[in-house]
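J.: only geometry, no sequence info:
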Ligand code: SF4
């Protein structure tokens with residue numbers, strides 16, 4: 001069962017993830033966020049719901065490398 005969050009919170013989560021992805025590419029991402037995202041991404045990469053290499057197929061359709069870099073939403077299947 002997937003968790004429901006408000007549309008505003010969802011937009012904030014997406015923005016936060018993509019902003020942190022940009023920070024990661026620039027080498028200015030907080031190390032604790034980076035470390036947590038590495039653990040989450042390892043889980044996603046072994047998940048049967050990951051589609052096309054990087055998109056979560058568990059209902060949200062999120063880009064996993066960005067989703068794993070935010071702290072508003074969690075995995076819809078409670079894997080992280
Ligand atoms: S967010 Fe959860 S359900 Fe989606 S690909 Fe990652 S581990 Fe799988």
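T.: Nice, I can see it. Predicted model only: the values in this text are computed from it and were never measured. Residues are numbered from 1 along each chain as shown.
J.: give me the nearest residue to the residue nearest in space to the middle of the chain, chain neighbours excluded.
T.: The C-alpha lying nearest the average C-alpha coordinate of the chain belongs to residue 67 (CA atoms, centre = their mean; 1.5 Å). Once flanking residues are discounted, residue 67 sits nearest to residue 17: 5.4 Å by CB to CB, 6 or more residues apart in numbering. No exception for glycine: its C-beta is placed from N, CA and C like everyone else's.
J.: do stretch 38-55 and the ligand meet at all?
T.: Yes. Where contact is defined by CB under 6 Å from any ligand atom, part of stretch 38-55 touches the ligand, namely 43, 44, 47, 49, 50.
J.: restricted to helices, list those.
T.: Filtering the residues of stretch 38-55 next to the ligand for membership in helices, criterion DSSP state H, returns 43, 44.
J.: state the pair within the residues of stretch 38-55 next to the ligand that is farthest apart.
T.: Spatial extent of those (CB to CB) is set by the pair 43 and 49 at 10.7 Å.
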